[in-house]
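1. model this:
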Amino acid sequence: MTKYRIIDAHIHPFTPECGKNIARFGHPQNVEELFGELKSLGISRCCGTFIVSAESLDFADVMKLNEAALALREKYPDFYVPGIHIHGGYPEESCRMLRNFHREGVRWIGELVNYSMPVGAYDSCGMMEIYETVSELGMVLNLHVNTPELAALEAAAKKFPRMNIVLAHPGDGDLKQRLALVKKYPNLHFDVSGTGLFRWGLLRHLVDELGAERVLFGSDFPVCSPGMNLHGALSEHLTEEEFRLVLAGNFERLTGL
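-> This next block holds a predicted model:
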């Protein structure tokens, strides 16, 4: 246990009716086990989307996942913060949905994972139309970005400077490219899930390069270990204020929690 408040900004819940259990080795088997594991580590809240693997998606598929996220918040209102999906092929429907969900208190979009859930290139005309609404509403966009998609990310960050975008995973082989891009645009941030913390000193490096205000803790649970990620973060040489920002404060500021 730790003295810091901790929000895991990157998890993927699932239920028997909806979403995919991305745990590689069988556990957790249900959302109670999923949340129980996080709570046992001292994590105060968590955020993330239901995901599936599909060759194509229509807007009904997106809404099913989003409604599941809202239903899970109803069941765990003090622990789970819903992340929702958008679809570049359905900009009008996505914008209308965003306005409705914003009135319901939803502030987080993503993680969007195009290789698993194709919703359109991040700089497509449809996505750019949706980003207008995201920016207007002050919502946060969490994107999984592969190296070839960095140019699309830059186009979105440049065109919508008031839209806060969080890159899921710092990456490893292309970290230098990602870091240069995030430094260039103040509305870009990192979450350190997945590939974030297995390299010793990476969290300290990101904080030194960007400032602690632009780095968020996340685990990518249940595909990655939340305990390993959390203790990896806590083992880095950050100040108390830097820990407070990375572990919870930045998420709270971006989402208004």
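2. Now for residue 157, how many residues are close by?
-> Applying other C-beta atoms under 10 Å, we find 23 other residues in the vicinity of residue 157. No exception for glycine: its C-beta is placed from N, CA and C like everyone else's.
3. Hmm, I typed the wrong one, I wanted residue 117.
-> When neighbours are counted by other C-beta under 10 Å, residue 117 registers 24.
4. mind checking the backbone torsions on it?
-> phi -130, psi 90 (degrees, to the nearest 10).
5. And the helices in the stretch 151-257 of the chain?
-> 175-184, 202-210, 226-234, 240-244, 250-255 (DSSP state H, counting those that start in this stretch).
6. Out of those, flag the one nearest residue 193.
-> Among the helices of the stretch 151-257 of the chain, helix 226-234 comes nearest to residue 193, with 6.8 Å by C-beta to C-beta.
7. residues of that closest one that come out buried?
-> Residues 226, 229-230, 232-234 are the ones in helix 226-234 that count as buried (16 or more other C-beta atoms under 10 Å).
8. what angle do it and helix 202-210 make?
-> 50 degrees (axes from the mean of the first three to the mean of the last three C-alpha atoms, to 10 degrees).
9. picking up where we left off before, got JSON lines for the buried residues of helix 226-234, with distance to residue 154 and pLDDT too?
-> Shown next, in JSON lines, are the buried residues of helix 226-234 (distance: C-beta to C-beta, whole Å; pLDDT from 0 to 100):
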{"residue": "226", "distance to residue 154": "31", "pLDDT": "94"}
{"residue": "229", "distance to residue 154": "27", "pLDDT": "94"}
{"residue": "230", "distance to residue 154": "31", "pLDDT": "95"}
{"residue": "232", "distance to residue 154": "29", "pLDDT": "93"}
{"residue": "233", "distance to residue 154": "27", "pLDDT": "95"}
{"residue": "234", "distance to residue 154": "32", "pLDDT": "95"}
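10. Out of these, the closest to residue 213 would be?
-> For these, the nearest to residue 213 is residue 233 (15.9 Å; C-beta to C-beta).
11. any idea how far residue 76 is from that closest one?
-> Residue 233 sits 23 Å away from residue 76, taking C-beta to C-beta, to the nearest Å as the criterion.
12. Residue 212 now?
-> Counting by C-beta to C-beta, the gap from residue 212 to residue 76 is 28 Å.
13. Check residue 137 too.
-> According to C-beta to C-beta, residue 137 stands 24 Å off from residue 76.
14. what does residue 167 give?
-> For residue 167, the distance to residue 76 - C-beta to C-beta - is 27 Å.
15. cool, and residue 232?
-> Where residue 76 is concerned, residue 232 sits at a distance of 26 Å (C-beta to C-beta).
16. Next: residue 185.
-> 34 Å.
17. can you check residue 7 too?
-> Residue 7 is 14 Å from residue 76, by C-beta to C-beta.
18. who's more crowded, these two?
-> Counted by other C-beta under 10 Å, residue 7 and residue 76 do not tie: residue 7 has more neighbours, with 21 against 15.
19. show me what contacts that one?
-> Residues in contact with residue 7 (C-beta atoms under 8 Å, 6 or more residues apart in numbering) are 43-47, 81, 217, 247-248, 251-252.
20. Check the gap between it and residue 107 for me.
-> 13 Å.
21. which residues are common contacts for the two?
-> Contacts common to residue 7 and residue 107, judged by C-beta under 8 Å, 6+ apart, are residue 81.
22. what's the closest non-adjacent residue to residue 185?
-> residue 157 (4.2 Å; C-beta to C-beta, 6 or more residues apart in numbering).
23. doesn't residue 165 make contact with that neighbour?
-> Yes. In this structure residue 157 lies within contact range of residue 165 using C-beta atoms under 8 Å: 5.9 Å.
24. Now do the shared contacts for those two.
-> 187-188.
25. ok, residue 58 - how many residues close by?
-> 12.
26. typed the wrong thing, it's residue 256
-> Neighbours around residue 256, by other C-beta under 10 Å: 9.
27. Residue 103: how many residues sit nearby?
-> Neighbour number of residue 103 under other C-beta under 10 Å is 9.
28. I'm done for today, thanks for sticking with me.
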